[in-house]
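S.K.: I'll drop the sequence and a predicted model, then ask my questions.
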Amino acid sequence: MKVLHLEHPEDLILEGDLKVFDALYGTANISLKIDGAPSIVYGTNPENGKFFVGTKSVFNKVKNMVCYSVEDIFAKYNEETHKSVIEILTMCLLYLPKIDGIVQADFIGFGGSNVYRPNTLTYTFAEIISQKIIIAPHTFYKTDTTLLDAVASPLVTTFTNTDDVKYVQPTVDRVFHCKDVPNINTDRVTFLTAKEAKIAKKAINTLIREDIELDDSNLYDILQCNHLVNLYQIVRDIKKDLMDSFIVTDAPKCYNDGIEIVGEGFVMQTKYGTIKLVNREEFAYANFNNDKFRK
């Protein structure tokens with residue numbers, strides 16, 4: 001399965017990638033996606049052995065955004081436009097435990113409350129958080145050379161809370177009674193080219209953004225092949241059944257516009273690649289229409 005970044009399984013099928021079915025029906029490492037912001041990258045830079053913090057911009061090939069000190073943070077970020085980022089990175093630099101590797105985490109908030117809305121979704125904890133910062137680590141990066149050469153993989157390490165840091169790392173158990181992988185006859189399916197698929201995915205996202213149902217008729221207008229529409233809908237159904245089978249523990253309660261949901265979605269790491277499972281009509285619609293993304 002070609003996966004350069006996380007894709008929805010139903011989008012992968014547009015180009016005829018039937019390994020999607022193997023991924024959905026096979027074994028996997030599954031994690032709950034946390035809707036935090038910004039994304040924090042921290043750890044020890046193998047180039048110099050120094051502990052650093054930053055956003056995903058630490059992987060920028062042109063501009064050095066790696067911060068080793070509070071002075072670095074203020075030097076690399078504008079106080080007028082990035083006041084919040086400066087505050088968050090400063091707290092992370094001061095209070096995150098020094099680790100040998102490199103980790104990416106979603107920032108949820110500062111301690112002192114039990115209700116947080118870092119991005120689109122609202123999280124409620126059972127108790128007031130006493131730690132200074134709350135993060136949800138999810139990705140580990142490995143490199144022996146530079147940050148630009150870092151290779152990402154899902155984080156399997158569970159961190160222990162400290163006096164200063166609250167870690168949110170829910171556990172996802174799969175209770176999916178797998179049948180055999182379906183044998184799909186694609187003789188009558190007209191798959192899309194990479195360029196056509198890119199256009200189709202943009203059109204599908206437009207439907208979601210405008211709260212228009214992804215029914216067969218609307219999808220046919222985009223895909224122009226009834227058999228491809230059927231295949232797309234089959235993958236969506238399998239994905240929904242799979243998501244409904246997950247049992248999530250150690251997660252704060254999650255709300256989307258006041259309605260309790262399991263969360264943003266899930267990430268499945270399989271031997272065929274890594275994919276994301278998201279209820280697009282539920283979460284993606286809210287995310288697309290979040291004021292943060294419309295400014």
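M.R.: That came through fine.
S.K.: okay, CA-based contacts and neighbour counts for the rest of this
M.R.: Noted.
S.K.: Write down the beta-bridge partners of the residue nearest the centre of the chain, one by one.
M.R.: For the chain, the residue lying nearest the average C-alpha position, counting by C-alpha atoms, centre = their mean, turns out to be Lys33 (5.2 Å). Assessed by DSSP bridges, Lys33 has beta-bridge partners Gly265.
S.K.: That one contacts Val267, correct?
M.R.: Yes: with contact defined as C-alpha atoms under 8 Å, Lys33 counts as touching Val267 (6.5 Å).
S.K.: Report the separation between the residue nearest to Thr162 when sequence neighbours are not counted and Lys166.
M.R.: Distances taken as C-alpha to C-alpha, 6 or more residues apart in numbering put Gln131 closest to Thr162, at 7.6 Å, once the chain neighbours are dropped. Between Gln131 and Lys166 the distance is 6 Å, computed by C-alpha to C-alpha, to the nearest Å.
S.K.: do the same with Tyr272
M.R.: Here Tyr272 is placed at a distance of 33 Å from Lys166 (C-alpha to C-alpha).
S.K.: More neighbours: those two, which one.
M.R.: Counting neighbours by other C-alpha atoms under 10 Å for Tyr272 and for Lys166 shows that Lys166 has the greater number, 23 against 17.
S.K.: Could you report the pLDDT at the more buried one?
M.R.: pLDDT for Lys166: 98.
S.K.: and the helix or strand containing it, which strands flank it?
M.R.: Following DSSP states H and E, the helix or strand that holds Lys166 is strand 165-167. Taking DSSP bridges as the criterion, strand 165-167 pairs within the sheet with strand 133-142 (parallel).
S.K.: List the residues that contact Tyr167.
M.R.: Contacts for Tyr167 were tallied using C-alpha atoms under 8 Å, 6 or more residues apart in numbering; they are 134-137, 159-161.
S.K.: and these, which are buried?
M.R.: 134-137 (16 or more other C-alpha atoms under 10 Å).
S.K.: CSV for the residues you listed, including distance to Leu148?
M.R.: Listed next are those as CSV, based on distance: C-alpha to C-alpha, whole Å:
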residue, distance to Leu148
Ile134, 27
Ile135, 24
Ala136, 23
Pro137, 20
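S.K.: Where does the prediction get shaky in the stretch 1-150 of the chain?
M.R.: Per-residue confidence of the stretch 1-150 of the chain (counting by pLDDT under 70) places the weak regions at 1-5.
S.K.: okay, now the residue lying closest to Val53 once chain neighbours are set aside: neighbour count?
M.R.: Setting aside the residues directly before and after it, Val53 is nearest to Tyr42 in space (C-alpha to C-alpha, 6+ apart), at 4.3 Å. Residues within reach of Tyr42, counting by other C-alpha under 10 Å, total 30.
S.K.: How far does stretch 68-84 stretch from one end to the other?
M.R.: Chord length of stretch 68-84, first to last residue, is 18 Å (C-alpha to C-alpha).
S.K.: hmm, who's touching that stretch?
M.R.: Identification of contacts with stretch 68-84 by C-alpha under 8 Å, 6+ apart yields 50-53, 65-67, 85-86, 89-90, 93.
S.K.: Try it again at 10 Å.
M.R.: 38, 42, 44-45, 50-54, 63-67, 85-91, 93-94 (C-alpha atoms under 10 Å, 6 or more residues apart in numbering).
S.K.: circling back to that earlier point, please list all residues in contact with the residue nearest to the centre of the chain.
M.R.: If a contact means C-alpha under 10 Å, 6+ apart, then Lys33 has 106, 136, 138, 169-170, 262-267, 276-278 as its contacts.
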